[in-house]
Structure formats: structure tokens, C-alpha cells
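A.B. asks: for reference, the sequence and a predicted model appear below.
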Amino acid sequence: MEIIYKKLGANKNVTGSKHFLELGKDSILIDCGLYQGPWEVEKKNWEELDIDLAKLKAVVLTHAHLDHSGYIPRLYKKGFKGDIYSTYLTSKLATIVIEDSASIMAQTAKKNAENMGKKSKYGELLYSEAEVNHSLKRFIIKKEKESFTIGAFTLKFHRAGHIPGASLLEVFVGNKSLLFSGDLGRQDDILMKEPDYLDLKKYDYVFSESTYGNREREPQITQYDEVLKLLKERKSKGSSILIASFAIARTQGLMYLVDKVLRDHPELEVDCFLDSPMGIRASEAILSGHDDSFQVSKEDLERSFLRFKFCRESWESNELFEKDGPRLIISSSGMLSGGRVLKHFSKFAENEDDFIFLPGYQGEGTLGRSLIAGEKKVSHEEKEIEVKATIVSSMAFSSHADQGEILDFISHVSAQETKVILSHGEVESMAALKEKIIQQVLEEDFLQLS
Ligand SMILES: [Zn+2]
């Protein structure tokens with residue numbers, strides 16, 4: 001019998017990850033991600049998948065990010081009847097991520113329906129909140145290094161270090177062995193330990209991500225230094241900082257860093273707030289699932305969270321909005337594309353002494369992207385805002401391995417026995433990485449761009 005492999009997403013781009021494997025009557029899907037980005041990319045979510053969903057045995061998730069998990073409810077809507085396998089923290093965080101995505105979709109559809117004459121891009125809702133509730137009951141939790149079987153497949157999760165719960169996935173099927181990197185973490189992350197550097201010689205195929213295949217972080221600028229500099233500048237002006245942050249992992253890493261800097265430099269003390277319902281849920285989930293894949297101890301993480309006042313209810317958020325005087329607020333979304341951060345942005349932007357910190361990737365077409373491009377007049381809810389605050393962006397906070405770190409990971413393969421398949425990267429990124437791999441690790445025959 002032949003093993004069949006199909007790549008159903010993240011093809012020469014970085015979203016919509018889905019790897020399909022089949023042997024005889026058994027098939028699984030590794031990751032089940034949503035396409036995200038401009039409408040030309042996003043509309044692929046409505047296309048039919050080229051597989052028999054009624055026969056699909058299971059979905060196995062490497063981690064919780066929407067571009068790896070967000071398509072799950074759609075799969076059930078289209079006839080999938082199996083279970084979802086993941087680590088504990090992936091199940092908890094994917095639940096938060098998918099529920100948030102469903103609620104944004106429902107709000108967008110409602111707004112579009114109200115906006116008569118404007119054609120809804122969500123003609124048919126990708127999935128409803130009821131479909132989400134049904135699918136999120138299907139998680140089966142597996143520990144790292146615990147071997148489990150799904151039909152003809154024997155699988156095992158290893159630490160990926162990318163975000164809490166994130167895993168590399170080992171698959172044995174027929175007489176072949178495969179390793180999927182999911183998203184690969186960095187070697188010096190604040191929250192997570194580095195990925196497990198496995199002996200890749202034993203695998204016939206290694207599927208490696210290549211998001212930052214053409215980039216190296218500047219090692220001399222650390223996340224700690226960035227936060228310290230920001231807090232010092234704030235102190236000298238007696239002003240405030242708004243941080244637009246992704247709710248999962250980035251927010252918790254920032255709370256830990258801010259607390260660490262303020263403990264080292266008590267003279268920089270400032271009132272700190274977390275105004276993100278999703279960030280609060282994620283923080284609680286992360287504490288509940290803290291394990292030895294974390295770089296930071298549970299006690300230190302918890303102590304850093306306690307420095308922040310959590311604004312759960314909207315009245316608490318409004319009260320914070322009304323507040324004047326020096327403060328540091330972490331809020332979402334990370335690209336200023338929605339959420340409570342927008343309200344604070346409209347106030348902070350107009351004060352020339354304040355700082356707006358964007359520590360994450362800013363997608364095309366987002367308000368965050370306009371700000372880092374230096375635009376001084378932006379519109380929000382049909383109101384024009386003059387940007388007088390200082391905009392600070394940083395690439396130091398990425399949770400992906402950079403080029404050198406991916407090469408380190410791949411260098412553990414045997415040149416003659418393992419085939420490396422690059423995925424989850426833009427075309428230029430994969431091409432640059434390919435060149436480096438051929439120079440340093442493998443002959444071209446053993447490398448494949450998907
Ligand atoms: Zn990811």
C-alpha cells in the first residue's frame with residue numbers, strides 16, 4: 001500500500017496550514033489552519049478540500065495559532081466526524097483562539113448585513129458559534145513524548161518552543177517516518193525553552209517551516225533592552241505607554257518582561273494594566289497548564305501577572321480609558337485591527353508625549369502597518385486621528401526561529417537518508433533558505449520546496 005501525502009494549505013505562503021496523510025483506509029490531517037490576510041487569500045477558506053472528510057480519522061494539531069487551528073469547525077460543518085489530538089495547552093489556547101475568530105466572523109457578517117448595498121464578503125458564514133461549540137468538545141489530550149496511535153499512524157509530540165503547548169510532531173506510518181516542525185520556536189525565547197533538537201537522521205522526511213527563512217534577528221538587541229529603553233523614555237517624559245499585543249503568548253511574555261525590568265529598576269515604576277479579555281483568558285490557561293517546556297517558572301510568571309490589573313469587564317476598560325496620569329496598558333489586537341486597543345489608541349495617538357509600542361508583525365492593510373510606515377493621519381471609525389505619539393516597533397519579539405535557527409534544526413539530518421521539505425514560507429523566504437541548506441547541510445536532491 002502506498003502512503004499518500006497532500007499539502008492542502010500554507011502553499012508558498014504562511015497561513016492555512018494543512019498536511020494530509022493517508023495509508024489504506026486510514027487518513028489524518030496535521031494542522032487545520034485558516035487562511036488569513038487580504039481577501040484574495042482569505043477566500044480560499046470557502047473552497048472545498050480535495051479529501052474525503054467522512055473517512056478522515058482525526059486532526060492532529062501542532063499548536064493553537066489560528067493559521068494552524070482555525071479551520072477546525074469548518075471541517076465538522078463539511079462532514080468530518082473524528083477527534084482532535086493535541087497537547088493540553090494547545091487545546092486550551094485553540095479553544096480561545098477559535099471562539100474569538102467565530103465571534104469576529106459573526107460581528108463582521110452582522111455589520112455587512114446592516115450595511116445595505118455593500119456586498120458581504122462573508123456570503124456564507126464559514127462557521128457558526130454553535131458549530132464551534134460542537135467541535136471544541138472533540139479534543140483528546142496527549143502529553144509530550146507520549147506515543148499514541150490513530151489507525152495505521154503512530155505519533156508523538158515533542159517540544160517546539162514556539163508558543164505554550166506548541167509541538168513538533170513525529171509520525172510513523174507503513175515503513176516510513178516523518179517529522180513535522182509545525183512552527184519552530186527560537187533559541188532565546190522569553191517564555192519557552194528552545195525546540196527539542198531531535199536526531200533527525202531517523203526520519204525519512206522532515207517537513208520544516210520557513211517563515212523567517214531569509215531573516216536573521218539582530219542578536220545585540222534583546223527584548224529586555226527594548227522594554228527597558230521604552231520604560232526609561234516614558235519615565236523621562238512622565239507619560240504613558242500603550243502596547244498593542246497578540247493575546248496569546250506575546251502578551252504573557254511582555255507582562256513577564258515588564259515585571260522583570262521594573263524589579264531590576266524600581267525607579268521606573270508605573271501602573272500596569274492588561275485590557276484584553278482574550279489575553280486574560282490566555283494568561284489563566286497558560287498558568288493552569290504551565291509545565292517544563294517553559295523557560296520561566298510558574299511562580300515568576302504568576303508574580304508578573306499580579307503586577308497588572310486585569311480589566312475583565314467593559315466598564316473596567318472604560319474606566320481605564322477615562323483615567324489620566326502615567327500608565328502602561330497592554331491591549332489587543334496586536335495589529336490594531338480590532339478590539340479594545342483601538343479605543344486607547346484614539347486617545348494615546350493625540351498626545352505627543354505618549355508611546356505606542358508595536359512589538360509584533362503588522363500585516364498589510366492594518367492600522368499597525370500604516371503606523372510603522374510613518375503615516376501621521378489615520379482614520380478610525382470614520383474619524384481622522386492625527387498621530388502625535390511616538391510609534392515604536394520591534395522585530396525582536398518574533399516567536400519564530402530565524403534563518404540560523406532553522407539551519408541549526410535541519411543540520412541534525414543525515415545527508416543521505418532524509419529528505420527535507422520546506423513549507424510555511426513566502427517564496428523568497430523558502431528560496432533563500434534553500435540556498436543556505438544546499439551550502440551547509442544537504443545536497444539539492446534531498447531538498448524539496450513544496
Ligand atoms: Zn504559530
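C.D. replies: Perfect, I can see it now.
A.B. asks: can you pull out the helices in this structure?
C.D. replies: Applying DSSP state H to the chain gives helices spanning 39-42, 66-69, 72-77, 88-114, 129-135, 223-237, 250-264, 277-288, 298-306, 314-322, 341-348, 367-372, 403-410, 427-440.
A.B. asks: need the winner for burial among those.
C.D. replies: helix 66-69 (a mean of 25; mean count of other CB atoms under 10 Å). C-beta coordinates here come from the backbone N, C-alpha and C atoms, glycine included.
A.B. asks: what's near enough to touch the residue nearest in space to the middle of the chain?
C.D. replies: Nearest to the mean C-alpha position of the chain, by CA atoms, centre = their mean, lies H65 at 4.2 Å. Listed by CB atoms under 8 Å, 6 or more residues apart in numbering, the contact set of H65 reads G33, V97, I163, D183, I248.
A.B. asks: most surrounded residue in the residues you listed?
C.D. replies: I248 (29 neighbours; other CB atoms under 10 Å).
A.B. asks: distance of P38 relative to T95?
C.D. replies: 27 Å (CB to CB, to the nearest Å).
A.B. asks: residues touching whichever residue of the stretch 251-400 of the chain sits closest to the ion, list them.
C.D. replies: The minimum distance from the stretch 251-400 of the chain to the ion, using CB to the ion, falls at S399 (6.9 Å). S399 is in contact with H162, I163, D183, G185, R186, D189, M192, A249, R250, counting by CB under 8 Å, 6+ apart.
A.B. asks: so the first one touches S398, yeah?
C.D. replies: No. Because the distance of 10.1 Å does not satisfy CB atoms under 8 Å, H162 is recorded as not touching S398.
A.B. asks: these two: which has the busier surroundings?
C.D. replies: Set H162 next to S398 and count neighbours by other CB under 10 Å: H162 wins out with 28 against 20.
A.B. asks: contacting residues for that one?
C.D. replies: So H162 contacts H63, G182, D183, L184, G185, M192, P195, S399, H400 (CB under 8 Å, 6+ apart).
A.B. asks: go with 10 Å
C.D. replies: H162 sits next to 62-65, 68, 168, 181-186, 189, 192, 195, 209, 249, 399-401 when contact means CB atoms under 10 Å, 6 or more residues apart in numbering.
A.B. asks: show me the domain layout of the chain.
C.D. replies: 3-215+399-449, 223-393 (automatic domain parsing).
A.B. asks: mean pLDDT lowest where, among these?
C.D. replies: Set side by side, those give their lowest mean pLDDT on domain 3-215+399-449, at a mean of 87.
A.B. asks: not counting its neighbours along the chain, what's nearest the residue of the stretch 151-300 of the chain found nearest the ion?
C.D. replies: Checking the stretch 151-300 of the chain residue by residue against the ion with CB to the ion singles out D183 as nearest, at 3.6 Å. Of all residues not flanking D183 in the chain, H162 sits nearest, at 4.3 Å (CB to CB, 6 or more residues apart in numbering).
A.B. asks: phi first, then psi, for that neighbour.
C.D. replies: phi -80, psi -50 (degrees, to the nearest 10).
A.B. asks: what's near enough to touch K18?
C.D. replies: K18 touches 6-11, 29-34, 49, 51, 59, 68, 71, 75, counting by CB under 10 Å, 6+ apart.
A.B. asks: cutoff 6 Å now
C.D. replies: L8, G9, L29, D31, C32 (CB atoms under 6 Å, 6 or more residues apart in numbering).
A.B. asks: contacting residues around F157?
C.D. replies: T87, E144, S167.
A.B. asks: go again using 10 Å as the cut-off
C.D. replies: For F157, the contacting residues are 60-62, 85-87, 90, 142-148, 165-170, 182, 196, by CB under 10 Å, 6+ apart.
A.B. asks: over to A166?
C.D. replies: A166 neighbours (CB under 10 Å, 6+ apart): 61-65, 68, 86-87, 89-90, 93, 157, 159-160, 182-185, 192, 195, 249, 293, 399.
A.B. asks: go with 6 Å
C.D. replies: So A166 contacts H63, A160 (CB under 6 Å, 6+ apart).
A.B. asks: ramachandran coordinates for it?
C.D. replies: phi -70, psi 140.
A.B. asks: what about it, distance to G185?
C.D. replies: The gap separating A166 from G185 is 7 Å, by CB to CB.
A.B. asks: likewise for K57?
C.D. replies: For K57 relative to G185 (CB to CB), the value is 28 Å.
A.B. asks: quick one: which of the two has more around it?
C.D. replies: Between K57 and G185, counting by other CB under 10 Å, G185 is the more crowded of the two (29 against 19).
A.B. asks: and the closest residue in space to the more buried one that isn't next to it in sequence, how close does it get to F355?
C.D. replies: Among residues not flanking G185 along the chain, G161 sits closest, at 2.8 Å (CB to CB, 6+ apart). Using CB to CB, G161 is found at 30 Å from F355.
A.B. asks: E216 too?
C.D. replies: Taking CB to CB, one finds E216 at 27 Å from F355.
A.B. asks: got it, and F308?
C.D. replies: With CB to CB as the criterion, F308 and F355 are 17 Å apart.
A.B. asks: likewise for S181?
C.D. replies: In terms of CB to CB, S181 sits 36 Å off from F355.
A.B. asks: the two: which is more packed in?
C.D. replies: Per other CB under 10 Å, whichever of S181 and F355 has more neighbours is S181, with 26 against 21.
A.B. asks: next, the distance between the ends of stretch 263-276.
C.D. replies: Taking CA to CA, to the nearest Å, stretch 263-276 runs 24 Å from one end to the other.
A.B. asks: and the stretch 151-300 of the chain, which residues reach the ion?
C.D. replies: Proximity of the stretch 151-300 of the chain to the ion, by CB under 5 Å from the ion, involves residues D183.
A.B. asks: and for G79, the neighbour number?
C.D. replies: By other CB under 10 Å, 11 other residues sit near G79.
A.B. asks: who are the neighbours in contact with it?
C.D. replies: Here G79 is in contact with L53, A54 (CB under 6 Å, 6+ apart).
A.B. asks: how near is it to the ion?
C.D. replies: Taking CB to the ion, to the nearest Å as the measure, G79 falls 27 Å from the ion.
A.B. asks: need the contact partners of stretch 228-235.
C.D. replies: I241, V261, L268.
A.B. asks: what of stretch 26-45?
C.D. replies: By CB under 6 Å, 6+ apart, stretch 26-45 touches 9, 15-21, 56-60, 62, 66-68, 70-72, 75, 121, 126, 150-153, 180.
A.B. asks: which of those fall in strands?
C.D. replies: Counted as lying in strands by DSSP state E, out of those, are H19, F20, L21, A58, V59, V60, I150, F153, F180.
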